[in-house]
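**Student:** Sharing a model prediction with you, sequence too.
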Amino acid sequence: MIEALLEGLFAVFQWPAFGFLFLGVLLGIWLGAVPGLGGIIGLVLLLPFTFGMDTVPAFALLLGMFAVTSTSDTIASVMLGIPGTAASQATILDGYPLAQQGKAARAFGAAFTVSAFGGVFGAIILAVSLPLILPIIKSFASPELFILGMLGLAMVGTLSGASVLKGLSVACFGILLSTVGYGEAESIPRYHFETDYLLDSLPLIPVVLGLFAIPEIMELAIRNVSISRVPKDQTSGGGMLEGVKDVFRHWWLALRCAAIGTYVGMLPGLGAAIVDWVAYGHAVQSAKDKSKFGFGDIRGVIAPEAANNATRGGSLIPTVAFGIPGSLGTAILLGALLIQGLKPGPDMLTSELHITFSMVWTIVIANIVAAGLLMMWSKQVAKVAFVPGHLLVPGVILFVFLGAWLGGADVGDWISCLTFGVIGFIMKRGGWPRPPLILALILGNIMENAFQISMGAHDGFGWLARPIVLIVIALIAITVFLSVKGITKNKASQTDNEDEADPAKAGRQEASEGGAKNPLISLPFAIILFALFSWAGAQAFAWPESVNEFPIMSTVLGASLVFFVLYHDGRDASKEIEIHGGFSGAMTAALDKAIVDRAILFFGYLLTMIFVMLVIGQKFAIPLFMFLYLIRWGSYNWRVSLGYAAGGWLMMVGFYDRILDLLWYPSWLSTWLPELLPDWVPPWFFV
Amino acid sequence: MLSYKSLLLAAGAVGLMAATTPSQAGFYDGKDVTVIINAGAGGGLTRSGRLFTSNMKKYLGKGTDMVIKNIAGAGGVKGMNFLQEKSKPNGLTLLWGTSQQMAQLLKLRGVRFDLAKLAVIGAGSSSYVSIARTDFPPGIKSTADLLKVKKMIVGGRGATDGLGLWARLPLKIMGLGYRYVPGYRGQPKLNAAIRAKEIGLLGTGSTGYFAFYENTILKSGEGIALYYHSNLGPDGKFANPGVFPKSLKHFSDFYKDTHGGKLPTGPLWEAYKWLSKFNSRPFGLYTLKGAPADRIAALRAAFKKTLTDKDFVAGWRKAQKADPNFGVGKEVEWILTEWRKISPEAKAGLKALTAKKKKK
């Protein structure tokens, strides 16, 4: 084994393998950092180029890239509150508040250090415990997969936000959304409103970007603030070194979460998608002082980041040992393995063990190199937190809308992005946590499939008695119980301390995920959600059983949970009405608090941009939005605005058109403009 | 859509690009072609599709890219629906996979496509193998032990997919009890299920056989290859693919061995023969018939050239242990038309196979 370990290491350090590894790391950093891209796109992109390569260099390139996207995606999570990938959702809960406190560099220092540690630790644990874990992986069938998904949803539903009821209701909403499009068992379309766009499913990236990015961008726009609400000269303890020290201070947590990442990540199916929540949940549940979680507690960054990098190694094991990919990413890696002529199976752990170890070493080295590079750059990146918000908004809008467009090149993607932007805004202002929606949307399809197979394979609910299923059910019960207990305790302590109300603390509470308290905004959303669940449930009852089980389950549970939310919100709303001496006064106060008037105006700008795009195309519409935004909202002079818009146009033409070869919307302008242009002007400059 | 090649170019990886042969100039130059695969990622169809299209694009146009999009579900029906309902008839969206004649024939719920609206670019045949767990009660140490099993649990992708059909139809012909569990999105998922003892028997194409099982559960003795299924020729004989171990027999031979030397008869056997003609051609490349004729011609020309491309042939031999066996264009158009000529007996057999049990 030692011989194979060393042989694998030397193979990675040989030329050209190391060169490809480095190239993969650079690509991975870029793909992880840009919203809407990510490791899957990278794998699909690179796979064809590995056909003619030797095995070790091929995997150095693929794994080098894939291993580090979950490190660099921290940048979007911390700076913009957008989960860069599914694996970095939990990081936003505390990472983004840290950036708002001017401590983005500290969050980066901790995240990158612990990411490197997690990646290395995960790979080592993996190598050492290979023989022990194989039976565990083999014992995971569809029932375990389904119940593990439930655990993930319970974790995210109860941990992200101040209300367990709201968190779980949103998870049901996410499950319902995951059922849009063709059913799994029979290809009968559900909730597609007779549109082609929704026939397949609701695309994830526009939803994620809309739900998270747009509300945060609006925050910058309508409040005219930078990401950091605290001026640079007033921040303390926010340096990168402080973040590195944090990891050493909380080394035991980092170690535990890396172990969680490795072992949960190797569970085939959805381990990698829920691991950050399991780690975050563990951090909260094991902490003595839980009060700072959600408001910028560095432990809330350390836990998910240690875990999500450790999964990369873990998820490789079922892939190489059994040919069972743990996720879409590893399914593509499996394809690469087969293309290389390697067969998953015992040979990969015996005669080909050096290849397996070379993969493990690639992950180790890629994580260290990426962390080092990102550390070097993070000081500069963190400065963005202090840039005036108005200067960030147009640039981020460009990346968000083109990121949403990238996957499907359909106007529906922009409409989805904007629609979920509105939903995200209302949820944020009304104290509804958004992460459960995304995780449920990701897991919904997998869980529906696993549920139906479980019912078929076990001829009913017999699978509920399987030992691992029972253990996970117990974990779900403990998670919900502890969260409810924790929230009740927090509320009691808040009531005790009402006299010592701290406005800064109240502000932090308001800005935290699902922490806003605005019953007159929350109540209408609850009513809409209740109506939606009722309507969707009624629709589903008319469908065949093979496609209606999941919609019915999610709507019945969702409607029941929202019913209780309605009760709580109704009670809180009447208190507000009493305080403000009537409904009108209370509503005005609620709308003012949420700055709804300016939000509507901002949405109006975005909607106009979409309409304008239909006529003149994206290469004009987006720069026009940038120019007008800077002039009208930012009060910048026309030179700055024009220069900025020109920069945006250059990015679109240079990167998205020439490099990504994006398929642009065929606008009205594109039907005649190319004919009018002289030969020496390329049409792709404009359409 | 992305041109993945381009991003890599920007990353300075130009040197990685394989040398390309001269290509046909025209519509496909610089275009991205989406190739739907109606099965999950990582399985045999995806692997064969990636291999084929990565070589075919060289002959389609200068700078043409073929982007794989896996749309699994409902045993392949979902991918076929997607092709017909979401793509435009412009020759830029293709489907690599099974053509789902049986689903349309039986008018299954969820079938929203019409094979009459498809044009076949080319299609290739495969053989299938049924594999069982050796510890499935009361124990299957040899193929004959299968006859002792009271109720087998069989896994597959859907009601009418090849993997599920080849797994359960022989059991039904032999009158053995089984419970069918559909929903697995492809071979990697079935592989996981048989290892976790969730199912006891599955069907796999030859790609999956060599990639997932030969070196693993078959080698360790955890699994046993029961029999194979292959193409039924015009002479009424089942082909011998010659790639499996000699001890592995065709299902019909196994049946004869265990049933007094006689072949099966009746609707189910007729259904088996019908499937051996149509469902043993999983590697089809299709597009919408409404696409301009010159684009369909360009696709067929590129398909044909790919079949003699040395990289493709080498890759195919490595994966399938056999030479590629494909037909192009008109040679295989019968796949989309002749399936309707099914005898009432065979149709009754297919219906019996897919009939759902009424809940108690």
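**Tutor:** Noted; the coordinates are in hand. Residues are numbered from 1 along each chain as shown, chains lettered A, B, ... in the order given.
**Student:** When you work out contacts or count neighbours from here on, use the C-alpha atoms and nothing else.
**Tutor:** Fine.
**Student:** quick one, helices of chain B?
**Tutor:** B:4-10, B:44-60, B:77-86, B:101-105, B:162-173, B:187-195, B:206-208, B:217-220, B:251-258, B:267-278, B:293-306, B:310-320, B:334-337, B:344-354 (DSSP state H).
**Student:** Turn those into TSV, columns for distance to A:Gly210, mean neighbour count and mean pLDDT.
**Tutor:** Converted to TSV, these look like this (distance: least, Cα to Cα, whole Å; neighbours: other Cα atoms under 10 Å in any protein chain shown; pLDDT from 0 to 100):
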stretch	distance to A:Gly210	mean neighbour count	mean pLDDT
helix B:4-10	25	20	41
helix B:44-60	32	24	91
helix B:77-86	23	24	92
helix B:101-105	38	20	90
helix B:162-173	40	23	94
helix B:187-195	32	26	89
helix B:206-208	40	23	88
helix B:217-220	46	17	92
helix B:251-258	54	16	96
helix B:267-278	46	22	91
helix B:293-306	38	19	96
helix B:310-320	43	18	90
helix B:334-337	43	16	88
helix B:344-354	43	18	93
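**Student:** okay if I get these as CSV plus distance to chain A?
**Tutor:** What follows is these, written out as CSV (distance: least, Cα to the nearest Cα, whole Å):
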stretch, distance to chain A
helix B:4-10, 5
helix B:44-60, 6
helix B:77-86, 5
helix B:101-105, 11
helix B:162-173, 13
helix B:187-195, 5
helix B:206-208, 10
helix B:217-220, 8
helix B:251-258, 25
helix B:267-278, 21
helix B:293-306, 16
helix B:310-320, 7
helix B:334-337, 21
helix B:344-354, 13
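**Student:** right, and the ones you listed - which one's nearest A:Leu316?
**Tutor:** Closest to A:Leu316 of the helices of chain B, according to Cα to Cα: helix B:187-195, at 13.8 Å.
**Student:** can I get the CA coordinates of that closest one in PDB?
**Tutor:** Extracted as PDB, the C-alpha positions of helix B:187-195 are listed here (Å, rounded to 0.1, in the frame of the first residue of the first chain):
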ATOM      1  CA  GLN B 187     -26.700   1.300 -15.300                       C
ATOM      2  CA  PRO B 188     -24.700   3.100 -12.500                       C
ATOM      3  CA  LYS B 189     -27.900   3.200 -10.500                       C
ATOM      4  CA  LEU B 190     -28.800  -0.400 -11.200                       C
ATOM      5  CA  ASN B 191     -25.200  -1.300 -10.300                       C
ATOM      6  CA  ALA B 192     -25.700   0.400  -7.000                       C
ATOM      7  CA  ALA B 193     -29.000  -1.300  -6.400                       C
ATOM      8  CA  ILE B 194     -27.800  -4.900  -7.100                       C
ATOM      9  CA  ARG B 195     -24.800  -4.400  -4.800                       C
END
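**Student:** Report the angle between it and helix B:162-173.
**Tutor:** Going by axes from the mean of the first three to the mean of the last three Cα atoms, to 10 degrees, helix B:187-195 is angled at 40 degrees with respect to helix B:162-173.
**Student:** now stretch A:434-447, how far from the centre of its chain.
**Tutor:** Computed by Cα atoms, centre = their mean, to the nearest Å, the chain-centroid distance of stretch A:434-447 equals 10 Å.
**Student:** what does stretch B:243-257 give?
**Tutor:** When distances are taken as Cα atoms, centre = their mean, stretch B:243-257 is centred 20 Å away from the chain's centroid.
**Student:** Tell me which residue lies nearest the centroid of chain A.
**Tutor:** With distances taken as Cα atoms, centre = their mean, A:Pro83 lies nearest the centre of chain A, 3.2 Å away.
**Student:** That one in helix, strand or coil?
**Tutor:** Following DSSP: H, G, I helix; E, B strand; the rest coil, we place A:Pro83 in the coil state.
**Student:** about what we covered before: between the helices of chain B, which one is closest to A:Gly424.
**Tutor:** So among the helices of chain B, helix B:77-86 is nearest, using Cα to Cα, at 28.2 Å.
**Student:** other SSEs contacting that closest one?
**Tutor:** Packed against helix B:77-86 by the contact rule (3 or more Cα pairs under 8 Å, 6 or more residues apart in numbering or on different chains; DSSP states H and E) you find strand B:32-37, strand B:93-97, strand B:283-288.
**Student:** Show me the contact partners of the second one.
**Tutor:** Around strand B:93-97, the neighbours that count as contacts under Cα atoms under 8 Å, 6 or more residues apart in numbering or on different chains are B:33-39, B:45, B:49, B:79-80, B:83, B:87, B:282-288.
**Student:** Spell out whether stretch A:452-472 and chain B are in contact.
**Tutor:** Yes: residues of stretch A:452-472 contacting chain B under Cα under 8 Å from any Cα of the partner chain: A:Gln452, A:Ile453, A:Gly456, A:Ala457.
**Student:** Show me which residues of that stretch are buried.
**Tutor:** Going by neighbour count (16 or more other Cα atoms under 10 Å in any protein chain shown), the buried part of stretch A:452-472 is A:Gln452, A:Ile453, A:Ser454, A:Met455, A:Gly456, A:Ala457, A:His458, A:Trp463, A:Leu464, A:Ile468, A:Val469, A:Val472.
**Student:** Keep only those of those residues that are in helices.
**Tutor:** Per DSSP H, helices hold the following members of the buried residues of stretch A:452-472: A:Gln452, A:Ile453, A:Ser454, A:Met455, A:Gly456, A:Ala457, A:Ile468, A:Val469, A:Val472.
**Student:** which two from these end up farthest apart in space?
**Tutor:** A:Gly456 and A:Val472 (20.9 Å).
**Student:** Distance-wise, check B:Arg154 relative to chain A.
**Tutor:** Quick fix: residue B:154 is Val, not Arg. Taking Cα to the nearest Cα, to the nearest Å as the measure, B:Val154 falls 9 Å from chain A.
**Student:** My read is that that residue contacts B:Tyr184, right?
**Tutor:** No: between B:Val154 and B:Tyr184 there is no contact under Cα atoms under 8 Å: 11.0 Å.
**Student:** Looking at these two now, which is surrounded by more residues?
**Tutor:** B:Tyr184 (31 against 25; other Cα atoms under 10 Å in any protein chain shown).
**Student:** Quickly note the distance from that one to B:Gly164.
**Tutor:** Separation of B:Tyr184 from B:Gly164 (Cα to Cα, to the nearest Å) stands at 10 Å.
**Student:** any residues in contact with both of those two?
**Tutor:** The contact sets of B:Tyr184 and B:Gly164 overlap at B:Gly155, B:Gly156, B:Arg157, B:Gly158 (Cα under 8 Å, 6+ apart).
**Student:** So the first one is in contact with B:Gln187, correct?
**Tutor:** In other words, B:Gly155. No: here B:Gly155 does not reach B:Gln187: they are 10.2 Å apart, not a contact under Cα under 8 Å.
**Student:** tell me, what's touching the two both at once?
**Tutor:** Common neighbours of B:Gly155 and B:Gln187, using Cα under 8 Å, 6+ apart, do not exist here.
**Student:** Strands of the stretch 151-300 of chain A, start to end?
**Tutor:** All strands of the stretch 151-300 of chain A, identified by DSSP state E, counting those that start in this stretch, fall at A:181-182, A:189-190.
**Student:** Compile those into TSV and extend it with columns for mean neighbour count and mean pLDDT.
**Tutor:** Formatted as TSV, the strands of the stretch 151-300 of chain A follow (neighbours: other Cα atoms under 10 Å in any protein chain shown; pLDDT from 0 to 100):
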stretch	mean neighbour count	mean pLDDT
strand A:181-182	24	92
strand A:189-190	24	94
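**Student:** wait, which of the ones you listed is closest to A:Ala11?
**Tutor:** strand A:181-182 (45.8 Å).
**Student:** Give me the residues contacting stretch B:267-283.
**Tutor:** Contact with stretch B:267-283 is made by B:45, B:48-49, B:96-99, B:101, B:123-128, B:162, B:169, B:172-173, B:229-233, B:335, B:339, B:342, B:345-350, B:352-353, as judged by Cα under 8 Å, 6+ apart.
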